[in-house]
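Chemist: Pasted the sequence and its predicted model underneath.
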Amino acid sequence: MNSIFSFFTGAGFLDLGFEHAGFRIDMVNEFDADFLRCYRHSRRHLGSPPPRYGYHLGSVEDMLSPGRIQLLKRLMKDVRSEGRTVGFIGGPPCPDFSVGGKNAGQSGDNGRLTGVYFDLIRTARPDFFVFENVEGLWRTKVHRAFYDALKAEARLAGYVLHDRLVNAIHYGVPQDRSRIFLVGILDGKEDLPFPWTAGMTHDESVFNASWPNENAFGDLDTATPPVGIPIELTVQHWFERNRTSTHPNASRYFTPRSEKFTTIPEGSVKAKSFKRLHRWRYSPTACYGNNEVHLHPYEPRRISVAEALAIQSLPQDFQLPNDMTLSDSFKTIGNGVPYLAAYGLAVSVGIMLDSERDCSHVAALAA
């Protein structure tokens with residue numbers, strides 16, 4: 001089994017995907033105390049075991065102090081003594097690279113942490129690592145230069161890299177959400193292709209389906225799904241699948257205070273805010289901060305915490321503590337890697353690690 005040390009953990013969506021794909025979560029590091037409490041709460045209700053080396057509250061920068069880095073290396077040595085490989089996974093805060101965000105880049109308070117994460121990887125030298133971030137780091141020229149420089153440093157440290165800009169919908173997530181996934185393998189084989197599609201369930205043609213456009217709010221004609229769409233990618237399918245109306249977080253939503261809640265058509269998602277989801281479409285990117293408001297398809301209100309979790313493709317029994325503020329609840333949900341995307345990526349990483357081991361075994365026999 002492969003071991004995971006998790007950073008920028010948030011509510012643990014990425015961790016859960018890796019765990020359900022056969023990896024073991026051994027250490028967790030999160031800066032926000034409320035997010036870490038949320039992580040512990042959700043794992044307890046899922047029946048997931050606590051991390052072997054516990055929960056660490058604090059900045060990832062703290063891990064680079066001499067004392068902490070030595071402790072981290074001792075824990076990694078302990079894991080390897082059992083024949084396990086050690087992987088770091090994390091998605092540093094991304095607003096400074098987001099196309100719709102601050103664009104402060106590497107010098108921003110959050111953007112700087114991306115460089116810190118790579119410093120930690122080069123210093124601790126895990127057997128593999130996973131990095132997740134927004135497409136602005138891939139598409140925006142100045143941010144891309146920073147990203148390419150980080151990759152060059154990782155290669156100099158001995159990592160073979162595989163990266164791709166992928167959409168969460170390709171993994172079965174009911175959401176149009178593009179993100180970078182970068183996987184690094186220490187002393188990996190340059191000629192081994194990364195099996196990106198192994199964990200995917202849909203290809204790019206999914207966007208060509210006969211998706212409905214807009215309907216008047218409350219239009220009864222939308223009660224029946226149109227023919228020819230992949231139902232499993234629709235908002236309504238996931239609301240029903242996760243039983244959002246009876247979920248422990250079902251009543252957790254902001255109180256409506258605008259006439260827009262009854263006038264915006266179902267499926268109208270082009271505006272910056274007050275997007276109304278369509279029950280028979282996938283959701284736009286789950287981004288619930290900066291005054292971006294996502295409305296329920298056929299009820300005059302914002303979506304609930306339970307519905308936001310469903311849009312992030314979480315298992316039905318995943319829940320957040322009800323005493324967590326609504327702002328923090330939606331922030332940690334929007335920041336998370338969609339669960340099915342995390343799971344699909346983990347499947348591909350697991351296959352890749354097995355291929356690396358098989359090649360090493362064959363080489364050893366040949367020698």
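Modeler: Thanks, I have it.
Chemist: which parts of stretch 274-288 are buried?
Modeler: For stretch 274-288, burial by neighbour count (16 or more other Cβ atoms under 10 Å) applies to 274-288. The way it works is simple: take the backbone N, C-alpha and C, and place the C-beta from them, glycine included.
Chemist: For the chain, which segments are assigned as helices?
Modeler: 13-20, 33-46, 66-81, 111-124, 136-139, 141-156, 235-241, 260-263, 305-311, 326-335, 339-366 (DSSP state H).
Chemist: can I get these in a markdown table with mean neighbour count?
Modeler: Conversion of these to a markdown table gives the following (neighbours: other Cβ atoms under 10 Å):
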| stretch | mean neighbour count |
| --- | --- |
| helix 13-20 | 25 |
| helix 33-46 | 19 |
| helix 66-81 | 14 |
| helix 111-124 | 20 |
| helix 136-139 | 20 |
| helix 141-156 | 15 |
| helix 235-241 | 20 |
| helix 260-263 | 15 |
| helix 305-311 | 27 |
| helix 326-335 | 20 |
| helix 339-366 | 18 |
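Chemist: for the ones you listed, which one sits closest to residue 165?
Modeler: Comparison of the helices of the chain against residue 165 by Cβ to Cβ identifies helix 136-139 as nearest, at 5.1 Å.
Chemist: Which secondary structure elements does the closest one sit against?
Modeler: Contact partners of helix 136-139 among helices and strands, from 3 or more Cβ pairs under 8 Å, 6 or more residues apart in numbering; DSSP states H and E: helix 141-156.
Chemist: chain center to the helix it packs on: distance?
Modeler: With Cα atoms, centre = their mean, to the nearest Å as the basis, helix 141-156 stands 21 Å off its chain's centre.
Chemist: between that helix and helix 111-124, how big is the angle?
Modeler: Between helix 141-156 and helix 111-124, the angle comes out at 10 degrees (axes from the mean of the first three to the mean of the last three Cα atoms, to 10 degrees).
Chemist: Tell me the helices and strands packed up against helix 141-156.
Modeler: When contacts are defined as 3+ Cβ pairs under 8 Å, 6+ apart, helix 141-156 packs onto helix 111-124, helix 136-139, strand 159-167, strand 178-186.
Chemist: and the angle from that helix to strand 178-186?
Modeler: 20 degrees.
Chemist: burial of residue 298, as a residue count?
Modeler: 18 (other Cβ atoms under 10 Å).
Chemist: what separates residue 90 from residue 130, distance-wise?
Modeler: Relative to residue 130, residue 90 is positioned 7 Å away (Cβ to Cβ, to the nearest Å).
Chemist: quick one: common contacting residues for these two?
Modeler: Residues touching both residue 90 and residue 130 by Cβ atoms under 8 Å, 6 or more residues apart in numbering: residue 14.
Chemist: hmm, back to that, of the helices and strands packed on helix 141-156, give the one that comes closest to residue 211.
Modeler: That would be strand 159-167 among these, by Cβ to Cβ, at 14.7 Å.
Chemist: buried sites along the closest one?
Modeler: 159-163, 166-167.
Chemist: Now do the contacts for residue 313.
Modeler: Per Cβ under 8 Å, 6+ apart, neighbours of residue 313: 168, 171-175, 238, 338-341.
Chemist: likewise residue 180?
Modeler: Contact analysis of residue 180 by Cβ under 8 Å, 6+ apart lists 131-135, 137-138, 147, 163-165.
Chemist: Export the residues you listed as TSV, with columns for distance to residue 332 and pLDDT.
Modeler: What follows is the contacts of residue 180, written out as TSV (distance: Cβ to Cβ, whole Å; pLDDT from 0 to 100):
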residue	distance to residue 332	pLDDT
131	19	97
132	15	95
133	17	91
134	16	85
135	21	88
137	21	86
138	24	85
147	25	91
163	25	97
164	25	97
165	24	96
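Chemist: Show me what stretch 293-304 is in contact with.
Modeler: Residues from elsewhere that reach stretch 293-304 (Cβ under 8 Å, 6+ apart): 217-218, 222, 235-236, 244, 247, 249-254, 256, 260-262, 264, 266-267, 273-279, 283-284, 286, 288, 307-308, 311.
Chemist: mind listing which of those are in strands?
Modeler: With DSSP state E as the criterion, strands contain 275-276 from among the contacts of stretch 293-304.
Chemist: picking up where we left off before, lowest mean pLDDT across the helices and strands packed on helix 141-156, which one is that?
Modeler: Here the lowest mean pLDDT among the helices and strands packed on helix 141-156 goes to helix 136-139, at a mean of 84.
Chemist: Using PDB, write out every CA atom in that one.
Modeler: Presented in PDB, the C-alpha positions along helix 136-139 are these (Å, rounded to 0.1, in the frame of the first residue of the first chain):
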ATOM      1  CA  GLY A 136      -5.000  30.200 -14.600                       C
ATOM      2  CA  LEU A 137      -1.600  28.700 -13.600                       C
ATOM      3  CA  TRP A 138      -1.600  26.900 -16.900                       C
ATOM      4  CA  ARG A 139      -3.100  29.400 -19.300                       C
END
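Chemist: and that helix, how far from the chain's centre?
Modeler: Distance of helix 136-139 from the chain centroid (Cα atoms, centre = their mean) equals 16 Å.
Chemist: Share the number of residues neighbouring residue 194, please.
Modeler: 20.
Chemist: OK, contacts around it?
Modeler: 162, 164, 183, 348, 352.
Chemist: Which of the buried residues of strand 159-167 sits closest to residue 60?
Modeler: Nearest to residue 60, judged by Cβ to Cβ, of the buried residues of strand 159-167 is residue 159 at 18.2 Å.
Chemist: so how far is residue 7 from that closest one?
Modeler: From residue 159 over to residue 7 (counting by Cβ to Cβ), the distance is 16 Å.
Chemist: Residue 183 against residue 352, yeah?
Modeler: Yes: counting by Cβ atoms under 8 Å, residue 183 touches residue 352, with 7.0 Å between them.
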